[in-house]
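after the sequence you'll find the predicted model.
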Amino acid sequence: MSLSFQVPNGPVQTPHKRDPRVPVVCHGFMFSNLIDRVWLFGGYPVGQNVTQIPNNIWRFQPLNSKTWEEVPLQSNGTSFRPYRGVGCNVPKLQKGYYLDRLGGHPDDPEHLHWLHEFDMKTETIQSFPVPGYVPVVNQSLVFLDTGSRKGALFALGGSVEKDGVLTTAPLTSVFILDIESRKWIEQPVTGLLGDLSEDGTVSVGPPDGGIPRSRVSACAAVGTAQDKTSHNIFYMGGTNETKAVTSV
């Protein structure tokens, strides 16, 4: 990624052969220190019952040994192997975060309301319950570096779950976790609510398009000023109840 390239012929390396001990999973997450290690966390095993494999993490060192090692999971939270959640890496803190969605067998899943904090130094996880108003289904999760404090996680979009019923979370609010205090707040967003045209773009509202309508499974990224006095969250794509969304 440090070199310029064109998409069809980018600097993609041949994948390393997977250790047969490592489970083949989908809808998990990979924590990364952005230096020399990644960790596979959660995910639903392909071709296996989720209860047939340990709820452990797997460490891979792509620059050194190029080998996988199983790391027993030390957690104070749920024993379920989570999947279909959303994760976020925070190399500044040497931490990774994963906001649950589901656990258990997919034929009879349980909606989970946990935030897992993975310590990349000690390879341990602490788990904290999440308030019911925070979206835990198909939401987006990003980290904002707020300077001297540890920073904050922002959850956007997705759906809120209560008693098995899903309700789309409006984008008129964002849900913020202060990492230092581990407290969640719901922060209203200012502006006018935009509408979607037939092609999925926002067409009604102020010149900048207004606040997007509710959507799930969108992509999010953060742009931060060098002095860390301002941040922009770019929110793109996703779907609403009827169509895919193309606006940013």
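Received the coordinates, thanks. Numbers count the residues shown, from 1 in each chain.

neighbours of G85, how many?
27 (other CB atoms under 10 Å). Placement of C-beta: from N, CA and C, glycine included.

and if you look at the one 10 residues further on?
Summarising burial for K95: neighbours were counted as other CB under 10 Å, giving 21.

tell me which residues touch it, please.
With contacts defined as CB atoms under 8 Å, 6 or more residues apart in numbering, K95 is in contact with 117-120.

list buried residues within these.
117-118, 120 (16 or more other CB atoms under 10 Å).

can you redo the residues you listed as JSON lines with secondary structure?
Below are the buried ones among the contacts of K95 laid out as JSON lines (DSSP: H, G, I helix; E, B strand; the rest coil):
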{"residue": "E117", "secondary structure": "strand"}
{"residue": "F118", "secondary structure": "strand"}
{"residue": "M120", "secondary structure": "coil"}
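
closest to I233 out of those residues?
E117 (21.2 Å; CB to CB).

my read: that closest one touches V130, true?
No: E117 is beyond contact range of V130, at 11.9 Å (criterion: CB atoms under 8 Å).

where in the chain is pLDDT low?
The chain contains residues with pLDDT under 70 at 1-3, 5, 7-16, 48-54, 74-80, 104-108, 147-148, 192-209, 241-248.

what are the phi and psi angles of the closest residue to D100 other than its chain neighbours?
Once flanking residues are discounted, D100 sits nearest to L112: 3.5 Å by CB to CB, 6 or more residues apart in numbering. Main-chain torsions, L112, degrees, to the nearest 10: phi -100, psi 150.

for D145, see how far away L112 is.
Distance, L112 to D145, by CB to CB, to the nearest Å: 27 Å.

the more surrounded of the two?
L112 (25 against 15).

so that one sits right up against V137, yeah?
No: look at L112 against V137 with CB under 8 Å: they stay out of range, at 10.2 Å.

need the residues touching each of these two.
Shared contacts of L112 and V137, counting by CB under 8 Å, 6+ apart, come down to R101.

work out for me the element Y235 sits within.
Per DSSP states H and E, Y235 falls inside strand 231-236.

can you pull the buried residues of that strand?
So, applying 16+ other CB under 10 Å, buried residues of strand 231-236: Y235.

export it as CSV, just CAs?
In CSV, the C-alpha atoms belonging to strand 231-236 read as follows (Å, rounded to 0.1, in the frame of the first residue of the first chain):
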residue,chain,number,x,y,z
HIS,A,231,-12.8,14.9,12.4
ASN,A,232,-14.9,13.8,9.4
ILE,A,233,-16.7,10.5,9.3
PHE,A,234,-17.3,9.3,5.7
TYR,A,235,-20.3,7.0,5.5
MET,A,236,-20.9,5.3,2.2
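
partner strands of that strand, parallel or antiparallel?
Strand pairing for strand 231-236, determined by DSSP bridges: strand 219-224 (antiparallel).

starting at the chain centroid, how far to the strand it pairs with?
In terms of CA atoms, centre = their mean, to the nearest Å, the centre of strand 219-224 is found 12 Å from the chain centre.

buried set for it?
Under 16+ other CB under 10 Å, the buried positions of strand 219-224 are A220.

and stretch 181-190, by the same measure?
Taking 16+ other CB under 10 Å as the criterion, stretch 181-190 shows W184 as buried.
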